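*Asks:* could you look at this predicted model? Sequence included:
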Amino acid sequence: MKDIMLDIETLGTLHNSVITQIGMLYFDRLTGELGKELLVNIRIQDCIDSGLRVDGGALKFWFEQENKSFLKNPVTLSKALECVRTFYDKQSLVWAHSTFDFPLLSNAYSVIGQGFALPYRNLRDIRTLVDLSGLEYIKKEDSKDPKTHNAMEDCKYQVVYCVECFKKLKER
């Protein structure tokens with residue numbers, strides 16, 4: 001498997017927001033088969049001590065959520081980012097929302113004094129894939145958000161519709 005899905009959970013939407021959870025998952029883009037997983041929770045105070053910020057709106061959002069799995073067994077930011085570096089195979093393509101996950105993760109490496117673990121040539125954008133495939137994935141305003149806001153569960157959710165996109169593109 002050479003594709004990895006990435007999802008992060010945060011306490012904000014700006015590039016310098018606290019990251020609370022990182023999920024990564026190897027997958028087969030044609031079959032949807034899932035492989036090795038990484039799920040790591042990060043100490044909020046350690047992120048703040050490193051210079052990352054918390055947004056009040058994000059705190060309100062998380063207070064309203066049932067899922068707070070990111071609070072279980074957290075590690076330091078540097079330990080979490082080392083786990084990402086170790087998990088990542090240098091030949092793999094990493095899929096995520098390129099205007100959110102990648103900039104926040106890159107900034108987190110910067111605040112601990114390290115270079116970004118994921119080479120820019122291997123980063124891929126989910127929204128572009130969806131657009132090129134023609135897949136409709138617009139959430140209806142009155143429908144429940146299908147994402148659980150657990151980074152691993154959201155990775156698995158994203159794999160499902162990305163595999164559908166790859167199938168549509170292959171059919172063309």
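*Replies:* Yep, that arrived.
*Asks:* where do the strands sit along the protein?
*Replies:* For the chain, the strands defined by DSSP state E occupy 3-10, 19-27, 34-41, 93-96, 123-125.
*Asks:* out of those strands, which is closest to residue 157?
*Replies:* strand 3-10 (8.6 Å; CB to CB). All C-beta spots, glycine's among them, are computed from the backbone N, C-alpha and C.
*Asks:* what's next to that closest one, contact-wise?
*Replies:* Under the criterion CB atoms under 8 Å, 6 or more residues apart in numbering, residues 17-29, 58, 70, 88-89, 92-96, 100-101, 104-105, 149-152, 154-156, 158-159, 162 lie in contact with strand 3-10.
*Asks:* relative to that strand, what are the paired strands and their orientations?
*Replies:* Strand 3-10 has its sheet partners listed here by DSSP bridges as strand 19-27 (antiparallel), strand 93-96 (parallel).
*Asks:* starting at the chain centroid, how far to the longest one?
*Replies:* In terms of CA atoms, centre = their mean, to the nearest Å, the centre of strand 19-27 is set 5 Å apart from its chain centre.
*Asks:* same thing with the shortest one?
*Replies:* For strand 93-96, the separation from the chain centroid amounts to 9 Å (computed by CA atoms, centre = their mean).
*Asks:* next, the buried residues of it.
*Replies:* 94, 95, 96 (16 or more other CB atoms under 10 Å).
*Asks:* adding distance to residue 123, write the residues you listed out as TSV.
*Replies:* Listed next are those as TSV, based on distance: CB to CB, whole Å:
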residue	distance to residue 123
94	6
95	8
96	7
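*Asks:* identify the residues contacting the longest helix seen in the chain?
*Replies:* Longest helix in the chain by number of residues, with DSSP state H as the criterion: helix 151-171. The list of residues contacting helix 151-171 from outside it, by CB under 8 Å, 6+ apart, reads 5-9, 21-25, 27, 29-32, 34, 37, 39, 70, 95, 126, 129-130, 132-135, 137, 146-148.
*Asks:* of those, buried ones?
*Replies:* Counted by 16+ other CB under 10 Å, the contacts of helix 151-171 give 5-9, 21-25, 27, 29, 39, 70, 95, 126, 129-130, 133, 135, 148 as buried.
*Asks:* so for stretch 29-44, what's the average pLDDT?
*Replies:* For stretch 29-44, mean pLDDT is 97.
*Asks:* now do the same end-to-end measure for it.
*Replies:* End-to-end span of stretch 29-44 (CA to CA, to the nearest Å): 33 Å.
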